[in-house]
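In: I need the structure of the sequence given here:
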Amino acid sequence: MAGGKQKVEMENQIYPIPEHLMRGSGSELFDHIVDCLANFLEKLGIKDKKLPLGFTFSFPCQQTKLDESVLVSWTKGFRISGVEGQDVVSLLRKSVKKRGDFDVDIMAVINDTVGAMMTCGYDDHHCEIGLIVGTGTNACYMEQMRNLDLLDGDEGRMCVNTEWGAFGDDGALEDLRTDIDREIDAGSLNPGKQLFEKMISGMYMGELVRLILVRMAKERLLFQGKTTAELLTTGSFSTNYIYDIENDKDEEGLASAEKVLRVLGLDPSVEDCIATQRVCQIVSTRAAHLCAATLVAVLRQIRDNKAAEKLRTTIGVDGSVYKNHPEFSRRLHKMVRRLVPDCDVRFLRSEVGSGKGAAMVTAVAYRLAAQHAERQSILDTLRLNREQLLEVKKRMSEEMERGLSKQTYRQATVKMLPTYVRSTPDGTEHGDFLALDLGGSNFRVLLVRVRSGKRQDVEMHHKIYNIPQETMQGTGEELFSHIAYCISDFLEYMGMRGASLPLGFTFSFPCHQSKLDQGILLNWTKGFKASGCVGQDVVTLLKDAVCRRGDFELNFVAVVNDTVGTMMTCGYEDPKCEVGLIVGTGTNVCYMEEMRNIEVVEGDDGRMCVNMEWGAFGDNGEVDDFLTKFDRIVDDCSNNPGKQRYEKMISGMYLGEIVRNVLIDFTAKGLLFRGKLSERLKTRGIFETKFLSQIESDRLAMRQVRSILQHLGLTSSTCDDSVLVKEVCSVVARRAAQLCGAGLAAVVDKIRQNRNLQQLSITVGVDGTLYKTHPHFSSIMQETLQDLAPQCKVTFQKSEDGSGKGAALITAVAWRIKSGGQH
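Out: Okay, here's the model as predicted:
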């Protein structure tokens with residue numbers, strides 16, 4: 001930096017490529033390039049440093065990334081074997097390795113046209129076109145991503161290398177090509193290829209003039225009809241001669257013409273010299289005008305892309321013809337301005353050629369590579385390998401054993417709570433049941449009519465009520481009075497005022513149960529904080545609130561966890577369903593455990609459903625070595641720091657927060673959103689988990705990711721930002737699904753071992769918005785489960801309304817058993 005302006009200092013050295021190498025093998029060429037590079041580094045005394053390298057390779061290439069470039073075909077007289085169809089970066093790396101006494105970091109391969117544009121763009125930010133008219137000719141320009149069908153993403157722009165030298169190879173220029181053009185082409189190294197280039201570039205311009213002079217001499221229009229061996233020799237009339245002959249001062253130009261013609265063994269008259277000068281003018285003017293016409297097509301494309309009335313742009317230009325021909329640039333500029341009067345076009349000569357441009361692209365690529373490496377090292381903390389996942393499975397298994405044991409259950413984080421649900425529906429249940437589903441800020445009251453005989457006959461009516469934030473965090477009396485009011489309102493709505501019905505109460509918080517119709521609240525989760533409830537029986541709290549109202553009765557209440565409800569709903573249709581899984585706002589699992597293993601409950605016969613409350617796994621440090629700084633921030637800012645650690649890495653309530661904190665970290669380090677943090681992104685909870693599901697949807701174009709980011713106040717985010725946000729979402733969701741799969745592997749393997757089976761076939765009933773709406777969560781979770789519990793064949797069944805229908809079914813089963821006098 002100098003006075004606020006970046007300064008570029010350059011050292012360079014020109015090395016010739018011997019003629020025989022231009023027709024030799026690829027390995028010889030690249031070995032020669034590497035020898036020259038070693039010589040240059042040695043001269044500068046920097047051979048021991050590993051520097052980033054930009055490689056300007058000015059031949060048609062197919063690029064899939066910045067540091068990979070496959071040669072399509074040689075041009076400009078090169079005809080080297082074993083390179084076409086190969087990645088030139090790999091060939092260069094191979095030669096560097098073979099030499100072995102220095103190393104470089106090849107960051108970018110660019111075309112000389114791109115180099116010219118970048119060099120000029122450094123000085124003039126309007127520069128968005130690069131043009132080369134030298135030995136060959138080509139142009140590049142900045143195209144809108146939305147127009148590049150071959151690439152993903154539709155935001156922002158990318159430089160397109162037109163390779164316009166091949167324009168006309170499909171016959172598009174046939175009506176403009178002359179016999180002389182055809183003769184040049186026939187005698188070239190690549191007949192039928194680069195036809196446009198052969199009408200314009202320095203490699204062919206002198207030859208065009210020579211062939212015209214030969215033809216005019218043969219028709220006795222020049223040199224008194226005489227030709228010489230020199231004039232008849234291909235390549236004897238150099239393009240440099242044209243520069244001298246077309247000198248601004250006519251006399252000097254004519255003197256040069258005479259001198260050139262004498263070198264070719266001719267004895268020209270003044271008329272011969274004037275005619276030769278005129279031929280040179282015609283050939284070079286045609287080249288300039290053809291170049292102008294194609295350039296205008298590019299300018300119009302840019303103007304249309306911008307929907308601009310008047311385009312202001314700069315073209316960075318390089319190449320020997322443009323720089324050394326006395327009139328070429330003036331003719332080119334004049335014709336461009338004539339053809340597009342509505343464009344304000346400035347031409348800027350690239351003074352230091354494609355070298356500086358390549359260095360600029362490399363510098364940018366080097367910065368981006370360093371940023372990419374830094375981003376990946378941060379994201380790597382959120383990536384789990386197979387060993388880590390197996391360790392999670394092992395620790396979950398150990399905690400399950402601790403939760404079931406009479407000696408250790410009080411200290412266990414995974415509480416393994418008995419639910420007193422012993423039986424699944426047998427089809428004889430019937431009657432009307434109320435169900436109450438409390439698990440978040442919305443809750444539902446349902447009437448479920450179960451008809452016996454036909455197993456599938458369950459009719460449901462429900463109404464959703466809101467629980468205000470102040471009620472969630474007020475007193476227990478207020479909360480349960482609000483619930484009782486909602487039940488009363490629902491009975492009124494159903495025309496059943498004063499009814500007395502059994503109720504299944506889906507209460508999705510950790511409870512200790514010693515019987516089905518009692519639930520002692522252990523602690524609130526999911527943002528609830530109502531006072532005077534922890535340690536109390538929620539059935540008593542509900543019945544007291546109903547009594548206070550006095551307008552209806554509850555004659556039996558079964559306390560049900562939503563996970564158990566999910567298992568029961570799926571068990572109604574699939575008798576093999578013995579596990580319930582919830583992955584929504586929170587996460588939890590229940591499963592059918594052998595009574596003999598549940599030490600806190602009397603009796604050894606049969607099975608009982610155990611509510612694991614696995615969200616609290618990790619509260620004694622079991623997952624500490626997998627926690628990242630982002631998990632710790634989310635935990636510190638939560639309602640219950642240090643609690644529900646496993647749930648906070650998996651469930652919908654927290655994933656958006658983890659992503660938001662990663663994005664803040666990236667932005668603070670200048671790795672995202674150009675280092676500018678929006679106020680909205682600083683707001684806790686603003687990045688909802690539903691955005692993860694939307695962003696990761698395969699059908700979502702990048703512009704829709706952008707609209708989500710704009711909603712977050714990130715109005716100036718780029719396409720690259722969108723790609724990165726998508727990657728962060730993907731990494732966070734993948735980890736959640738893998739952790740869930742690892743925990744589930746511990747559960748199904750325990751069931752298999754309980755039953756002494758080599759292979760277990762089992763169904764898991766699943767519910768929860770994250771599982772149901774995220775496009776990849778279920779497949780990643782299932783893949784992990786299969787990998788970590790290979791002896792279990794697990795089928796997943798989505799539960800339709802586990803916490804409503806399932807609660808009613810549990811109540812129906814319990815009511816059947818109670819009414820039948822069975823215990």
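
In: give me phi/psi at the residue nearest the centre of the chain?
Out: By Cα atoms, centre = their mean, the chain has its centre lying nearest to residue 723, at 3.8 Å. Dihedral pair for residue 723: phi -60, psi -40, per degrees, to the nearest 10.

In: for it, give me the pLDDT.
Out: Per-residue confidence (pLDDT) for residue 723: 85.

In: go ahead and confirm residue 464 touches residue 446.
Out: No - Residue 464 is not in contact with residue 446 according to Cβ atoms under 8 Å; the separation is 9.9 Å. C-beta: built from backbone N, CA, C; applies to glycine.

In: shaky segments in the stretch 551-700 of the chain?
Out: Flagging of the stretch 551-700 of the chain using pLDDT under 70 yields the residue ranges 698-700.

In: what about the helices in it?
Out: 562-573, 629-636, 645-650, 652-668, 689-695 (DSSP state H, counting those that start in this stretch).

In: now the stretch 401-550 of the chain
Out: Using DSSP H, counting those that start in this stretch, helices in the stretch 401-550 of the chain cover 469-472, 476-493, 538-549.

In: would you format the ones you listed as a markdown table with mean neighbour count, distance to residue 213 and mean pLDDT included?
Out: Below are the helices of the stretch 401-550 of the chain laid out as a markdown table (neighbours: other Cβ atoms under 10 Å; distance: least, Cβ to Cβ, whole Å; pLDDT from 0 to 100):
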| stretch | mean neighbour count | distance to residue 213 | mean pLDDT |
| --- | --- | --- | --- |
| helix 469-472 | 14 | 92 | 90 |
| helix 476-493 | 18 | 101 | 93 |
| helix 538-549 | 18 | 105 | 92 |
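
In: check the gap between the residue nearest to the centre of the chain and residue 732 for me.
Out: Residue 723 is 15 Å from residue 732, where distance means Cβ to Cβ, to the nearest Å.

In: do residue 79 as well
Out: Taken as Cβ to Cβ, the span from residue 79 to residue 732 is 53 Å.

In: settle it for me: which of these two has more neighbours?
Out: Legend: neighbour count by other Cβ atoms under 10 Å for residue 79 and residue 732, higher for residue 732 (26 against 14).

In: in the stretch 201-350 of the chain, which ranges drop under the pLDDT threshold?
Out: Looking at the stretch 201-350 of the chain by pLDDT under 70, you get an empty list.

In: got JSON lines for the helices of the stretch 551-700 of the chain, with mean neighbour count and distance to residue 262 too?
Out: Listed next are the helices of the stretch 551-700 of the chain as JSON lines, based on neighbours: other Cβ atoms under 10 Å; distance: least, Cβ to Cβ, whole Å:
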{"stretch": "helix 562-573", "mean neighbour count": "29", "distance to residue 262": "99"}
{"stretch": "helix 629-636", "mean neighbour count": "18", "distance to residue 262": "81"}
{"stretch": "helix 645-650", "mean neighbour count": "26", "distance to residue 262": "87"}
{"stretch": "helix 652-668", "mean neighbour count": "22", "distance to residue 262": "70"}
{"stretch": "helix 689-695", "mean neighbour count": "22", "distance to residue 262": "74"}
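
In: please compute how far stretch 726-745 lies from its chain's middle.
Out: Computed by Cα atoms, centre = their mean, to the nearest Å, the separation of stretch 726-745 from the middle of its chain amounts to 16 Å.

In: likewise for stretch 618-636?
Out: Worked out by Cα atoms, centre = their mean, stretch 618-636 lies 27 Å from the chain centre.

In: and the end-to-end length of it?
Out: From its first residue to its last, stretch 618-636 covers 15 Å (Cα to Cα, to the nearest Å).

In: repeat that for stretch 601-613.
Out: Start-to-end, stretch 601-613 (Cα to Cα) is 17 Å.

In: and for stretch 117-131?
Out: 8 Å.

In: ok, and what's touching it?
Out: 6, 8, 110, 113-116, 138-142, 159, 291, 295, 298-299, 302, 312-319, 322, 346, 348-354, 356-358, 360-361 (Cβ atoms under 8 Å, 6 or more residues apart in numbering).

In: and the buried ones among the residues you listed, selectable in ChimeraX?
Out: Per 16 or more other Cβ atoms under 10 Å, the buried members of the contacts of stretch 117-131 correspond to this ChimeraX selection:
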select :110,113,114,115,116,138,139,140,141,142,159,291,295,298,299,302,313,314,315,316,317,318,319,322,348,350,353,354,356,357,358,360,361
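
In: you'd agree residue 458 is up against residue 450?
Out: Yes - counting by Cβ under 8 Å, residue 450 is a contact partner of residue 458 at 5.6 Å.

In: so what sits against both of the two?
Out: Joint contacts of residue 458 and residue 450 (Cβ under 8 Å, 6+ apart) are 808-809.

In: what segments of the stretch 601-750 of the chain are strands?
Out: Using DSSP state E, counting those that start in this stretch, the strands of the stretch 601-750 of the chain run over residues 607-611.

In: so who does the nearest residue to residue 320 once chain neighbours are set aside touch?
Out: Setting aside the residues directly before and after it, residue 320 is nearest to residue 134 in space (Cβ to Cβ, 6 or more residues apart in numbering), at 4.3 Å. Counting by Cβ under 8 Å, 6+ apart, residue 134 makes contact with 201-202, 318-322.

In: please narrow those residues to those residing in helices.
Out: In helices, judged by DSSP state H, the following of those are found: 202, 320-322.

In: for stretch 803-821, which positions count as buried?
Out: Those would be 803-816, 818, for stretch 803-821 by 16+ other Cβ under 10 Å.

In: model confidence over it, on average?
Out: Stretch 803-821 comes out at a mean pLDDT of 78.

In: now that stretch, how far from the chain's geometric center?
Out: 49 Å.

In: do stretch 127-144 as well
Out: 30 Å.

In: now it: mean pLDDT?
Out: The model assigns stretch 127-144 a mean pLDDT of 94.

In: for that stretch, measure first residue to last.
Out: End to end - Cα to Cα - stretch 127-144 spans 15 Å.

In: now stretch 770-782
Out: Terminal-residue distance, stretch 770-782 (Cα to Cα): 14 Å.

In: right, and residue 104 touches residue 52 too?
Out: Yes - between residue 104 and residue 52 there is a contact under Cβ under 8 Å: 7.4 Å.

In: how much space between residue 36 and residue 400?
Out: Counting by Cβ to Cβ - residue 36 and residue 400 are separated by 68 Å.

In: neighbour-wise, which of those two wins?
Out: Neighbour count, other Cβ under 10 Å: between residue 36 and residue 400, residue 400 has more, with 24 against 15.

In: what's the helix or strand for that one?
Out: helix 386-404 (DSSP states H and E).

In: contacting residues around that helix?
Out: 384, 408-409, 411-416, 593, 597-600, 610, 612, 614, 617, 622-623, 626, 738-739, 741-743, 745-747, 749-750, 784, 787-789.

In: and residue 649, which of the helices of the stretch 401-550 of the chain is closest to it?
Out: helix 469-472 (23.7 Å; Cβ to Cβ).

In: now do the same contact list for residue 422.
Out: Taking Cβ under 8 Å, 6+ apart as the test, what residue 422 contacts is 606-609.
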